[in-house]
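Visitor: Quick one, fold the following:
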Amino acid sequence: MLSLVMSIYDPLGFLTTLTIKAKMLLQQVWRSEIGWDDEIPHTIFETWKIWLEYVQKIPNFRLPRCYSWTYTSAEEVQLHLFVDASEEAFGAVGYFRIKKGSDVVIALIMGKAKVAPLKSLMATKE
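Guide: Numbers count the residues shown, from 1 in each chain. From the prediction side, this is the model:
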């Protein structure tokens, strides 16, 4: 599992929605404290098989290299950033909103996500 998840090269985070789910699954495996050669718990394995179906679709993923043909002559270019966090993961994504006349184009710039640490970041009172 680990070697497959880490072999996905995605420097701009376009596949982050896919890779973060696998990293969260890996974290579940580590929490279960099974050994390297032990079988994965059935519920995690079933989720893993579903994830593998999505991985097989990666070669079909296409994203234009150009944000927009009107980028350099646009009347207005806005940068929109969205971030979110949960107990399981943190994520951020950036988009351009490019306006020329009545045409508006939205272009994905980059995404980034990380699994939350196993130990809580919240300070506990003693």
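
Visitor: Just the helices from this protein, written as ranges.
Guide: Using DSSP state H, the helices assigned to the chain run over residues 2-6, 16-31, 42-55.

Visitor: and those, which is most packed in?
Guide: Ranked by mean neighbour count under mean count of other Cβ atoms under 10 Å, these are led by helix 16-31, which reaches a mean of 17. For glycine as for every other residue, the C-beta is placed from the backbone atoms N, C-alpha and C.

Visitor: what's that one in contact with?
Guide: Outside of helix 16-31, the residues that reach it under the criterion Cβ atoms under 8 Å, 6 or more residues apart in numbering are 1-2, 4-5, 8, 10, 40-41, 44, 47-48, 51, 54-55, 58, 88-89, 91, 93, 111-115, 118.

Visitor: what stretches of this structure score poorly on pLDDT?
Guide: Counting by pLDDT under 70, the chain has low-confidence residues at 120-126.

Visitor: now the residue nearest the centre of the chain: how far from residue 85?
Guide: Using Cα atoms, centre = their mean, the residue of the chain that lies closest to the mean C-alpha position is residue 16, 1.8 Å off. Between residue 16 and residue 85 the computed distance is 14 Å (Cβ to Cβ, to the nearest Å).

Visitor: Leaving out sequence neighbours, find the closest residue to residue 84.
Guide: In space, not counting the residues next to it along the chain, residue 84 is nearest to residue 91; the distance is 5.4 Å by Cβ to Cβ, 6 or more residues apart in numbering.

Visitor: Show me what that neighbour is bridged to.
Guide: Per DSSP bridges, the residues bridged to residue 91 are residue 84, residue 113.

Visitor: Residue 95 is in contact with residue 110, isn't it?
Guide: No: with contact defined as Cβ atoms under 8 Å, residue 95 does not count as touching residue 110 (9.2 Å).

Visitor: Between those two, which contacts overlap?
Guide: Once Cβ under 8 Å, 6+ apart is applied, it turns out that residue 95 and residue 110 contact no residue in common.

Visitor: out of these two, which sits in the more crowded spot?
Guide: Under the criterion of other Cβ atoms under 10 Å, the comparison of residue 95 against residue 110 puts residue 95 first, with 17 against 14.
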